[in-house]
Each structure stands twice: as C-alpha cells, then as structure tokens.
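Trainee: Show me the folded form of this:
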Amino acid sequence: MPTDLISLPDWYHDFLTLCDQDWITRTRIHPLKTFDTQAPGGVWVKREDESGFGISGTKKRKYASIIQALRTEGVREVSLVGGSRSNHIVGMLQILKELDIRPKLFLKEEHSAKLTGNRFLLDLLADPDSITWVPSERWHAVNVQAISWAMESFETRTSIPEGGSYHQAVPGLASLLGEIVDQETELGRPFDHIWMDAGTGFSAAVTAVMMHLVDHPAKLHVVMAAGTAEEFQKQMNETHEIQSITYDLDLAHPPLPDLIDPATAKSFGAVNATIRQYVRDFAQREGILLDPIYTAKLFYTFEQLHPLFPPEERHLVIHSGGGTGLMGFAGMI
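Mentor: Have a look, this model is predicted:
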C-alpha cells in the first residue's frame with residue numbers, strides 16, 4: 001500500500017502550457033457513501049461529469065490542447081471520424097463552430113436514424129452536406145479515407161481520429177493525473193487503486209503512461225468497454241513515443257495496466273437488463289448519473305470486484321463524463 005505523496009516533474013508543468021487553460025476545469029473528488037464508509041481505505045469518485053454538459057469529462061481535457069494546436073497551426077478544416085451517436089462528434093462540432101473551422105464528418109452508416117440522444121444533437125449541429133456515411137463493410141478503412149481528404153489541402157486541414165485519439169490531445173489529458181496528485185496531497189494520502197473506463201482507450205492509455213513517467217504508486221485498472229489489449233498497447237506505445245520525442249525522455253516503456261472486461265454486457269454498445277437497472281439504482285443510491293455504454297459498466301464492474309481488495313486500500317473511480325449519451329436511453333431505463 002503506497003503511503004508517500006509524489007511531486008510532479010518540471011516537464012509535466014511544461015506539458016500544460018500546451019493547453020487552453022480556460023478548458024481545464026478542476027473537478028472535485030468525494031467518497032461514495034453507499035460503500036463501506038467504516039473501512040480505513042474507502043472508495044472515492046472523481047467527478048469529471050461535472051465539468052460541463054455538452055462537453056464534459058476526459059473529452060473536455062482532450063480538447064484543451066487540441067484547440068490550442070488548431071489555433072497555432074492555422075487549421076481551417078477538420079475531418080472527424082465516429083458514430084452518429086458519438087459524444088466526441090457532438091463535442092467537437094460545438095468547438096469547430098465556435099472557432100469557425102469547417103467540419104467534414106466521416107460517420108459509420110447508421111441502422112436507425114431515430115433522433116434521440118446524441119443523434120438529435122448531431123442533427124442540430126451538423127450540415128447534412130458535411131457528412132459522408134461510410135458503410136460498415138468499409139469502416140475498417142475510414143481513417144485512410146479521412147486522412148486522404150485532409151491531405152488534399154494539408155496546409156489548412158487536419159484529421160482527428162475516432163474518439164479524439166489525436167496526438168495533440170495528450171497534454172490536455174495529462175492534466176487529469178496532475179489534478180489527482182494535487183487532491184491526494186490535500187487528502188494527505190495517495191490512492192492505492194485508480195479505475196477508468198476505455199472506449200478507444202486513448203484517455204486511459206495517456207493516464208497509464210503519465211503514471212509511469214511520474215512514478216505514481218497506484219495500480220491502474222481499466223474496464224474495457226471497447227477495444228482489445230493489443231489496441232490498448234498500441235495506444236500506450238504511441239503516447240509514450242509522443243512524450244519521449246517532445247521532452248527527450250529516455251524512459252522504458254510502461255507496463256500495461258490491469259485490463260478488465262466488463263462484468264456484464266461485454267460487447268461494445270451492449271446494454272442488458274442488469275446495466276439498465278444498475279443505472280437507475282446508482283442514481284437512487286449516490287445521486288450520480290451513469291451512461292449505459294461506458295460509466296455504468298465501469299462502476300458495476302468495480303462494485304463486483306471491490307470486495308476482493310483489502311479494506312485498508314483506497315480506491316478512486318473516475319467518472320469520465322459523457323452524460324449526453326444517457327439521453328438516448330430515455331424510456332428504456
């Protein structure tokens with residue numbers, strides 16, 4: 001069980017200068033009251049969901065440095081890749097409109113165009129002429145298609161991959177760990193375990209690399225709502241390379257965190273009766289809203305595994321935000 005608090009290196013603070021500071025919103029942590037409050041360790045939640053409505057959580061941190069890069073590089077057009085109900089697409093559309101940057105959307109062909117949740121927000125924000133619908137059988141090559149579009153005018157265009165897994169997002173995502181370190185100092189004790197969800201895995205991969213680079217003592221557990229261990233390893237390798245090149249950090253590659261399949265509804269996008277009921281139960285118990293695709297699976301899986309850990313160990317579960325996705329489940333939960 002780690003007991004020593006850590007100090008962040010100078011290069012970490014340099015990282016944050018690459019962010020638009022107005023987009024770095026400090027989020028609070030607090031204990032989860034329906035867990036064993038008498039245990040010496042305890043369970044805490046980091047409320048990334050409270051950082052905004054249309055854009056929140058770890059995505060807002062990504063955008064802090066993406067926005068700065070788009071401005072610095074003079075980008076005028078951006079291609080975005082994702083599904084028609086993606087939190088990322090809805091978030092980036094809002095930003096690009098504000099910055100007067102033209103979006104080009106490469107979206108996975110939808111099975112239902114019902115205007116609920118993020119699909120409704122997409123309909124509000126996107127010009128239909130800006131959308132290229134990509135059939136499922138060609139989705140494996142969508143990034144090549146989006147990059148080819150950007151290369152037609154590479155001086156003013158760029159392409160941001162699915163989920164915002166973009167190298168310019170690394171500094172913004174790095175702010176999460178720095179904030180956790182500050183809050184551990186305020187509490188007088190580091191966390192023994194940190195828990196995150198993963199879709200594309202980019203946010204969790206950046207956090208894993210950052211924890212390794214600053215020698216944070218906690219064990220990172222990642223509940224894989226989507227993706228594979230091989231894809232996650234690739235994300236970590238690319239993130240480590242970005243930081244090594246940018247700051248000339250000659251460090252060994254970090255080990256993989258503890259990658260965990262969801263305890264139920266394991267397929268990406270699957271929502272079963274257990275998850276639907278858990279979303280409702282958790283809202284009643286803790287007053288916290290979870291979405292069925294990511295955060296509900298994270299908290300449900302954590303709750304199944306938590307009894308296996310010694311009671312003196314302290315856990316931090318990161319609520320990654322994305323509440324707009326919950327709206328698509330109205331009447332189903």
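Trainee: hey, where'd the helices end up in the stretch 151-300 of the chain?
Mentor: Along the stretch 151-300 of the chain, counting by DSSP state H, counting those that start in this stretch, helices occupy 170-187, 202-213, 229-247, 273-286, 295-305.
Trainee: any idea which of those scores lowest on pLDDT?
Mentor: Confidence, taken as mean pLDDT, is least for helix 229-247 of the helices of the stretch 151-300 of the chain (a mean of 81).
Trainee: would you turn the helices of the stretch 151-300 of the chain into JSON lines with mean neighbour count and distance to Gly163?
Mentor: Placement of C-beta: from N, CA and C, glycine included. Listed next are the helices of the stretch 151-300 of the chain as JSON lines, based on neighbours: other C-beta atoms under 10 Å; distance: least, C-beta to C-beta, whole Å:
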{"stretch": "helix 170-187", "mean neighbour count": "20", "distance to Gly163": "12"}
{"stretch": "helix 202-213", "mean neighbour count": "26", "distance to Gly163": "6"}
{"stretch": "helix 229-247", "mean neighbour count": "16", "distance to Gly163": "10"}
{"stretch": "helix 273-286", "mean neighbour count": "15", "distance to Gly163": "21"}
{"stretch": "helix 295-305", "mean neighbour count": "23", "distance to Gly163": "15"}
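Trainee: Now the helix or strand bottoming out on mean pLDDT in the chain - C-alpha only, PDB.
Mentor: When each helix and strand of the chain is scored by mean pLDDT, DSSP states H and E, helix 229-247 comes last, with a mean of 81. Provided in PDB are the C-alpha atoms of helix 229-247 (Å, rounded to 0.1, in the frame of the first residue of the first chain):
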ATOM      1  CA  ALA A 229      -5.500  -5.400 -25.200                       C
ATOM      2  CA  GLU A 230      -3.400  -5.200 -28.400                       C
ATOM      3  CA  GLU A 231      -5.100  -2.000 -29.400                       C
ATOM      4  CA  PHE A 232      -4.600  -0.600 -25.900                       C
ATOM      5  CA  GLN A 233      -0.900  -1.500 -26.000                       C
ATOM      6  CA  LYS A 234      -0.600   0.300 -29.400                       C
ATOM      7  CA  GLN A 235      -2.200   3.400 -27.900                       C
ATOM      8  CA  MET A 236       0.300   3.400 -25.000                       C
ATOM      9  CA  ASN A 237       3.300   2.900 -27.300                       C
ATOM     10  CA  GLU A 238       2.200   5.900 -29.400                       C
ATOM     11  CA  THR A 239       1.600   8.100 -26.400                       C
ATOM     12  CA  HIS A 240       5.000   7.200 -24.900                       C
ATOM     13  CA  GLU A 241       6.700   8.000 -28.200                       C
ATOM     14  CA  ILE A 242       5.000  11.400 -28.300                       C
ATOM     15  CA  GLN A 243       6.200  12.300 -24.800                       C
ATOM     16  CA  SER A 244       9.600  10.900 -25.300                       C
ATOM     17  CA  ILE A 245      10.200  12.800 -28.600                       C
ATOM     18  CA  THR A 246       8.700  16.100 -27.300                       C
ATOM     19  CA  TYR A 247      10.500  16.200 -24.000                       C
END
